[in-house]
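> Structure here, sequence nowhere to be found:
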């Protein structure tokens, strides 16, 4: 298992993109929250398994992406309990509370991107390509399969626990799988091509 500790100050979201998302009138408020969140040390880990070991029942789209996988990388990443405390600090201020929750989600995505980069570096050692990253609960892959994914990691890996409904706690956490192999390719389609009607990521587009 490969483990990482990452200061969020080193993977700050692009401030121009943040300004577009929150509105230029709220950039100053966003900057204050970003400064607090950037003090967090996030954790991430990934492992490599043989596809035959997984026992996953992917949705059709994910199954197709993994059809030529020689190995599968499973990852978990989390902003940890500190992110919950920072978000709750702003609970009495609706705007700041929303801003903290939104920006923590942006950092969680940045952390997932960081983990993708580390997995890609690993894959290059074997001349493997990498698929897009997929998470249980999206693209027709049942969220219940979080239980299988987390079964490959030590208990409470990266400080993440699963609820009875297979949701992650702390909520600002990301998990997923990436296909690796000589014939595996990254697909430049993005979320807009996904047919999943109730996807939380798609609702942000």
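Looks like it came in fine. No experiment lies behind these values; they were computed from the predicted model shown. Numbers count the residues shown, from 1 in each chain.

> who touches the closest residue to residue 29 other than its chain neighbours in this structure?
Distances taken as Cβ to Cβ, 6 or more residues apart in numbering place residue 99 nearest to residue 29, at 5.8 Å, with adjacent residues excluded. Using the backbone N, CA and C atoms, a C-beta is placed for each residue, glycine as well. By Cβ atoms under 8 Å, 6 or more residues apart in numbering, the residues touching residue 99 are 22, 26, 29, 30, 33, 90.

> one more time with 6 Å
29, 30, 33 (Cβ atoms under 6 Å, 6 or more residues apart in numbering).

> how about the second one, secondary structure?
By that I understand residue 30. helix (DSSP: H, G, I helix; E, B strand; the rest coil).

> burial count for the residue nearest to it when sequence neighbours are not counted?
Leaving aside its chain neighbours, residue 30 sits nearest to residue 22 (5.1 Å; criterion: Cβ to Cβ, 6+ apart). Applying other Cβ atoms under 10 Å, we find 19 residues neighbouring residue 22.

> measure residue 22 to residue 34 for me?
10 Å (Cβ to Cβ, to the nearest Å).

> Kindly report the same for residue 92.
20 Å.

> Neighbour count for those two, which is higher?
Applying other Cβ under 10 Å to residue 92 and residue 34 shows that residue 34 carries more neighbours, namely 21 against 8.

> State the phi and psi torsions of the closest residue to the more buried one other than its chain neighbours.
Among residues not flanking residue 34 along the chain, residue 103 sits closest, at 5.9 Å (Cβ to Cβ, 6+ apart). Residue 103 adopts backbone torsions of phi -70, psi -30, taken as degrees, to the nearest 10.

> Tell me if I'm right that residue 103 and residue 31 touch.
No - Residue 103 lies out of contact with residue 31 (Cβ atoms under 6 Å); the separation is 9.9 Å.

> who has more neighbours, those two?
residue 103 (25 against 14).

> Was I right to think residue 140 contacts residue 58?
No - assessed by Cβ under 6 Å, residue 140 is found out of contact with residue 58, at 7.8 Å.

> Student question: in the chain, what's the helix or strand with minimum average pLDDT?
Ranking every helix and strand in the chain by mean pLDDT, DSSP states H and E puts helix 15-22 at the bottom, with a mean of 82.

> Which residues belonging to that one are considered buried?
18, 22 (16 or more other Cβ atoms under 10 Å).

> helices and strands around it, which ones?
helix 27-37 (3 or more Cβ pairs under 6 Å, 6 or more residues apart in numbering; DSSP states H and E).

> swap the cut-off to 8 Å and go again
helix 27-37, helix 94-124 (3 or more Cβ pairs under 8 Å, 6 or more residues apart in numbering; DSSP states H and E).

> Would you single out the least confident of these?
Least confident of the helices and strands packed on helix 15-22, judged by mean pLDDT, is helix 27-37 with a mean of 87.
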